[in-house]
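S.K.: Okay, predicted coordinates and the sequence, questions at the end:
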Amino acid sequence: MGSPILNKILARAAKKPSVAAGDLVVVDVDTVVLYDSNFFPVYWRDPVKIADPDRIAVIFDHRVPAPDRGCAQAHIDGREFAKRFGIRRMHDIGYDQGIAHTVVADKGYAVPGSVLICSDSHTGAGGAFNCAARGVGGPDIIYAAITGQTWFAVCETIRYDLTGKLKPGVTAKDLFLHLAQTFGDHSTYNVEFGGEGMRGMSMDARRTLATMGTELNAEFTIFEPDDLLADYMRERNPVPFEAQYPDADAIYAERRTLDLGSVETLVALPDAMIGNAVPVGKAVGERIDQAFIGSCANGNLEDLAIAARVVAGRRVAAGVRFLVTPGSQAIYRQALKAGYIETLLDAGAVVTPATCGACGGGHMGVLGANETCITASTRNFKGRMGDPTARIFMGSPATVAASAIAGAIADPGEYMKGANW
């Protein structure tokens, strides 16, 4: 019987004719990504050798620029590691700075049909590129850097056949919330997306959905390849690749058809996302102190464009901090040229350098006691963005931008009337 996409990629990487659910496989790793948190003393074990410097990328992102001495030292140690082993894909603070998964996308490091690992949990973002991308433990990263290998348990796959098209103003973040609300936890399963509806989704939208696969608790999230992906990759990375399709007779744990036109604007209530989303109308009026757009899930150019359209000609409500963090400096430059940054600044937003920043409560937007935030980022559990008494709602960039203007959670549809979406 046939195989889903993930099985085929893992079989190639394990040098096996096929793999099946329940197998434990040792695979060759095509790309190992280290980020600044790997170099903190509590985690870092400096290797005496590495398997192949050309298969490693070092990307500083979580605490950039360094907010304290410990972070500054981690950056120093990371630079010394890259220099000692001649690692060319070194993304330090500056021109090529960005969130690791965004830089991976910008540079085409997540090659279709390949295996990529990083010890950040949202590494599944690379699945948008038909890449078996997954977060692993810090020790696993060091082991893979030294040996060029890692191991995985092969899981069953749930397939989503997407049909139709998202309504104007409804985004991939709303689609994720729909999946989390309708189908719940995907623990111990891979998630595979395909179908005609996928063709109408931009690469930014696919990246958002793949990134948020982590929040469905999926082992891997992956998209079928198509011409849009092939063109995207060829513009960014000249290496040859062999994208993988599911077999026509692939065996799935479940195969679900999802009409994108049925998805509505949703908001996740504080402290959880799975089974905790409501139509935006049921959250309208909740007063906010902070609105945040950023992270590997929603710091994309498309997200900044949406936010700029919503706030154009308007001003952020008094008493609200509207923070916008591009996913990479490359995206920042693109948004600047397109006029999105000026529009956001004119509305009263604060635009930060590319970093994980407020998403993980590290810096550039930490929440204080009893504050309320609506975020277009990756997580909303208690204490995620700062004080554990803070409340974190989650929505799309359109919903967050509309809420920043209203001073309370707002339906973005009211701010999109007459706009070309």
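M.R.: Thanks, I have the structure now. Numbering: from 1, shown residues only.
S.K.: Report the separation between the residue nearest to residue 140 when sequence neighbours are not counted and residue 53.
M.R.: Spatial nearest neighbour of residue 140, excluding adjacent residues (Cβ to Cβ, 6 or more residues apart in numbering): residue 150 at 5.7 Å. Any C-beta I mention is one placed from the backbone N, CA and C, and that applies to glycine too. Distance from residue 150 to residue 53, counting by Cβ to Cβ, to the nearest Å: 17 Å.
S.K.: and this protein, what are its domains?
M.R.: Per the record, the chain has its domains at 5-260, 266-416, by automatic domain parsing.
S.K.: ok, residues contacting whichever strand or helix holds residue 191?
M.R.: Using DSSP states H and E, residue 191 falls within strand 189-194. For strand 189-194, the external contacting residues (Cβ atoms under 8 Å, 6 or more residues apart in numbering) are 4-6, 155-162, 206, 209, 213, 216, 218-224, 246, 252-253.
S.K.: Now the buried members of these.
M.R.: With burial judged by 16 or more other Cβ atoms under 10 Å, the buried subset of the contacts of strand 189-194 is 4-6, 155-162, 206, 209, 213, 216, 218-224, 246, 252.
S.K.: circling back to that earlier point, next, the residue nearest to residue 140: secondary structure please.
M.R.: Put simply, residue 150 is strand when judged by DSSP: H, G, I helix; E, B strand; the rest coil.
S.K.: Might you list the low-confidence residue ranges for this structure?
M.R.: Residue ranges of the chain with pLDDT under 70: 418-421.
S.K.: try 90
M.R.: For the chain, applying pLDDT under 90 flags the ranges 1, 41-48, 414-421.
S.K.: mind listing the helices for it?
M.R.: 5-14, 69-84, 100-107, 138-147, 172-182, 203-212, 227-236, 295-298, 301-311, 329-338, 340-347, 397-406, 413-416 (DSSP state H).
S.K.: Residue 242 is nearest to which of those helices?
M.R.: helix 5-14 (8.1 Å; Cβ to Cβ).
S.K.: if we can go back for a sec, residue 150 and residue 53: which is more packed in?
M.R.: residue 150 (21 against 14; other Cβ atoms under 10 Å).
S.K.: Tell me who's in contact with the more buried one.
M.R.: 26-27, 29, 115, 117, 136, 140, 143-144.
S.K.: Recalculate using a threshold of 6 Å.
M.R.: Residues near residue 150 by Cβ atoms under 6 Å, 6 or more residues apart in numbering: 29, 117, 140, 144.
S.K.: Filter these down to just the buried residues.
M.R.: Using 16+ other Cβ under 10 Å as the burial test, the contacts of residue 150 include 29, 117, 140, 144 as buried.
S.K.: Serialize those to JSON lines and add fields for distance to residue 369.
M.R.: Listed next are those as JSON lines, based on distance: Cβ to Cβ, whole Å:
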{"residue": "29", "distance to residue 369": "43"}
{"residue": "117", "distance to residue 369": "37"}
{"residue": "140", "distance to residue 369": "37"}
{"residue": "144", "distance to residue 369": "41"}
